[in-house]
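Enquirer: could you look at this predicted model? Sequence included:
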Amino acid sequence: MGWLERVGRVVRGHLDSLVNEAEDPEKLLDEAISKMEQELIAMRRALAEAIATHKSAERQLSRYEKAAATWYERAELAMAKGGESLAREALFKRQSYQQQADSIQSQLIEQNEIIQKLKNELRTIEHKEREAKAKKSLYLARLRSAMSSQKLHEVLGDFDPYNSDNLFERIDQQILELEVQSTTIGEFSDPLESKFRELENNKKVEQEIAKLKEKNSQAEIDDIRSKLDKL
């Protein structure tokens, strides 16, 4: 259930129960606003946790990128020393870290969009809460009138704390999908997919080897030219 839907359900249900018990209207509004505040606290906590998770993923991304860069430098060193086999192993290692970094980078983009939407919606609900408090006297007068005429539902329509097409419910679903994706990083259960992935990885490594060879050959040519110029 989305945050906005939950806020509305809690407030609406609480108002109905208090009216049925013939409670004082002022107490009714105070209790309803209190419930909204509790829900807002829970929403802020969820946002803080989402931001913390995002920052943790950013740190993990940085570690993977540094590891990928380190292994590429080692591949260059191995090729410079004539160790093509060792360079190939280093490139496979580098590619593994790079793939994980790319996967996390993709998730970070989606998570950032969700967090921004969550922040915007939270600001909207906070505004509604402040507005409800500011107009408490007006609501109180209308609520007393509604209670006397048994038309509480009309007042609750104005007091509705949500009207955003269940945005939070969609966000909850997107976060769940991201969590499912994060648990499957690096896991390839399909044998055929694994075989093709291995072929793709081999092709990429061979391309890197060719680039390193070309780089070393050019360096040798430049060295020879430099010596000839000095003659």
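Expert: Nice, thanks for sending it over. Residues are numbered from 1 along each chain as shown.
Enquirer: below-threshold pLDDT in the chain: ranges please.
Expert: Along the chain, segments meeting pLDDT under 70 span 1-25, 139-140, 142-196, 199, 218-231.
Enquirer: can you give me the helices for it?
Expert: Assigned helices in the chain, in chain order: 3-20, 25-80, 84-134, 136-149, 152-158, 167-183, 191-230 (criterion: DSSP state H).
Enquirer: which residue packs closest to Glu76, ignoring adjacent ones?
Expert: Leu212 (6.2 Å; C-beta to C-beta, 6 or more residues apart in numbering). (C-beta placed from N, C-alpha, C; glycine too.)
Enquirer: got a list of what that neighbour touches?
Expert: By C-beta atoms under 8 Å, 6 or more residues apart in numbering, the residues touching Leu212 are Ala75, Glu76, Met79, Ala87.
Enquirer: report the buried members of those.
Expert: With burial judged by 16 or more other C-beta atoms under 10 Å, the buried subset of the contacts of Leu212 is Ala75, Glu76, Met79, Ala87.
Enquirer: what's the farthest-apart pair in the residues you listed?
Expert: Between any two of these, the greatest separation by C-beta to C-beta is 7.6 Å, found for Glu76 and Ala87.
Enquirer: would you map out the domains in this protein?
Expert: Domain assignment for the chain by automatic domain parsing gives 3-187, 191-231.
Enquirer: buried sites along stretch 44-51?
Expert: Going by 16+ other C-beta under 10 Å, stretch 44-51 has these buried residues: Ala46, Leu47, Ala50.
Enquirer: same question, stretch 114-132
Expert: Ile114, Ile115, Lys117, Leu118, Glu121, Leu122, Thr124, Ile125, Lys128, Glu129, Ala132.
Enquirer: of these, closest to Glu31?
Expert: Proximity of those to Glu31 (C-beta to C-beta) peaks at Ala132, which lies at 12.5 Å.
Enquirer: not counting sequence-adjacent ones, nearest residue to that closest one?
Expert: Ile33 (5.9 Å).
Enquirer: so who does that neighbour touch?
Expert: Shown in contact with Ile33 (C-beta under 8 Å, 6+ apart): Glu129, Ala132, Lys133, Lys136.
Enquirer: pipe those into TSV and attach distance to Asn201 per row.
Expert: Shown next, in TSV, are the contacts of Ile33 (distance: C-beta to C-beta, whole Å):
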residue	distance to Asn201
Glu129	53
Ala132	58
Lys133	60
Lys136	64
